[in-house]
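S.K.: when you get a sec, could you give me coordinates for this:
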Amino acid sequence: MPPLTELQVACTQRNSAFELLRILSQVFIVLYHICYIWQGKEYSNQPFFQAVSIPLHIGVVVFVLLSGYFTIKLKPSGFVKLLGIFIIYCLPEVIYSVATSKNMLHTIRSLMFFSNSHFWFVKTYLYLFLVSPMINLWLKNATERQRWYMVAVFAFVACYMAMTKGDASMSNGKNLTNFIYFYLVGNQLHYYKDRWMNIKTSTLVLCYILFSGAIMTAEYYTCGNIVGKIVHQLSFPYHSPLILVGAIMFFMIIGKQHIQSRFINYVAASSLAIYLIHGSRPYLPELHGIVCGYLQGFTESHLMLFGEYTIYTLFVITACVCIDKCLTPLWSMINHTDKRLQDKFKII
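M.R.: Below is the predicted model:
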């Protein structure tokens, strides 16, 4: 096993349960993309896959809740590292796009890959990364009442206004406002950790099963009609209130566990790489579609097919982690360069 990077060493000092949450969030993201996007509309629009996609959609929410729970530490080294990872894993797509470009305008857009990237999560997370020092400073000095007031304000804007179509800029919850909302909620989980840590795990698991089961059942039996649209709107988009409730319960269930695992920490350090690699265009989405079509030929049972997709998801994640670990020397070089920036630039 290669030597641990600075980030990985830091992770060994943290409860591995939270690092497991990072891994599980990526499992959910990859499996959701397979079930909701890459297997084709003929299957994706089926009630079964519409239903199972709802609990899988919490992956991004859990990831941002974790950021709020521990708070983002904005450092020049971290900023360069985030950009470095993004640039390296976007290069194949940029090269392909430039090579197949039909005009100068398209070439310029291809080279401006960050602003034109389809990786909406990374772009939005970078915005959150940049504003996090000011949010952290406010959280450090805010009273309990002020904290709840700010959560309520962002819930009104990011959730209510988006869900009621009152603000087009809040559509789908893929925006900085919604991420700040998740970040604040994640920090609230840390603020009140002594309370929810005392809740029995069995109670949380039962509540989560009943909650998720109820939503999935409602989605399954109402899929395609007006009631189904309401259920979907309340539980699926990132601005929906129920997706956050599900993510919080899942967060608490795993976060309550006491795990110390160097292996989990080692794999979790590649969580961002998993996101960037698994859907890299143009070839991997096509490959996933081909594999899904192949697997669909083995069974007519949607439940069995979902099991096959899960196994394939684990294979994809393993491959992504292996690719990321093969680039360890490159990340080590970036880390070494980053350290020189640490003492020269300080934001806060």
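
S.K.: roughly how far does the residue nearest the centre of the chain sit from residue 195?
M.R.: Residue closest to the average C-alpha location in the chain (CA atoms, centre = their mean): residue 60, at 2.6 Å. In this view, residue 60 and residue 195 are 26 Å apart by CB to CB, to the nearest Å. C-betas here are computed from N, CA, C, even on glycine.

S.K.: tell me the buried residues in stretch 279-295?
M.R.: Judged by neighbour count using 16 or more other CB atoms under 10 Å, the buried positions of stretch 279-295 are 279-280, 284, 288, 291-292, 295.

S.K.: cool, and stretch 209-225?
M.R.: Quick answer for stretch 209-225 (16+ other CB under 10 Å): 211-212, 215-216, 218-220, 222-223.

S.K.: among those residues, find me the one that's closest to residue 240.
M.R.: residue 215 (10.3 Å; CB to CB).

S.K.: can you pull the contacts of the residue nearest to the closest one when sequence neighbours are not counted?
M.R.: Nearest residue to residue 215 in three dimensions, chain neighbours excluded: residue 235, at 5.0 Å (CB to CB, 6 or more residues apart in numbering). Going by CB atoms under 8 Å, 6 or more residues apart in numbering, residue 235 touches 54, 215, 219, 242-243, 246.

S.K.: how about a cut-off of 6 Å?
M.R.: Contacts for residue 235 (CB atoms under 6 Å, 6 or more residues apart in numbering) come out as 54, 215, 242-243.

S.K.: just the pLDDT at it, thanks.
M.R.: As predicted, residue 235 sits at a pLDDT of 93.

S.K.: where's it relative to residue 164, distance?
M.R.: Residue 235 is 16 Å from residue 164, by CB to CB.

S.K.: cool, residue 222 as well?
M.R.: 20 Å.

S.K.: now residue 185
M.R.: For residue 185, the distance to residue 164 - CB to CB - is 20 Å.

S.K.: C-terminal to the lowest-mean-pLDDT helix or strand in the chain, what's the next element?
M.R.: Of all helical and strand segments in the chain, the minimum by mean pLDDT, DSSP states H and E falls on helix 6-11, at a mean of 41. Scanning forward in sequence from helix 6-11 by DSSP states H and E, the next helix or strand is helix 16-33.

S.K.: tell me which other helices or strands that following helix touches.
M.R.: In terms of contacts (3 or more CB pairs under 6 Å, 6 or more residues apart in numbering; DSSP states H and E), helix 16-33 is packed against helix 47-56, helix 59-70, helix 241-255, helix 262-268, helix 271-278, helix 302-326.

S.K.: hang on, the earlier thing: who's more crowded, residue 185 and residue 164?
M.R.: residue 185 (21 against 10; other CB atoms under 10 Å).

S.K.: so who does the more buried one touch?
M.R.: Contact analysis of residue 185 by CB under 6 Å, 6+ apart lists nothing.

S.K.: list the buried residues for the strand or helix carrying it?
M.R.: If you go by DSSP H and E, residue 185 is part of helix 176-191. Using 16+ other CB under 10 Å as the test for burial, helix 176-191 gives 176-189.

S.K.: helix or strand right after that helix?
M.R.: That would be, after helix 176-191 and using DSSP H and E, helix 193-196.

S.K.: who's in contact with that next one?
M.R.: residue 252.

S.K.: next secondary structure after that helix?
M.R.: In N-to-C order, the element after helix 193-196 by DSSP H and E is helix 201-222.

S.K.: could you give the mean pLDDT of that next one?
M.R.: The average pLDDT for helix 201-222 rounds to 96.

S.K.: what's the angle from it to helix 241-255?
M.R.: Interaxial angle of helix 201-222 relative to helix 241-255 (axes from the mean of the first three to the mean of the last three CA atoms, to 10 degrees): 150 degrees.
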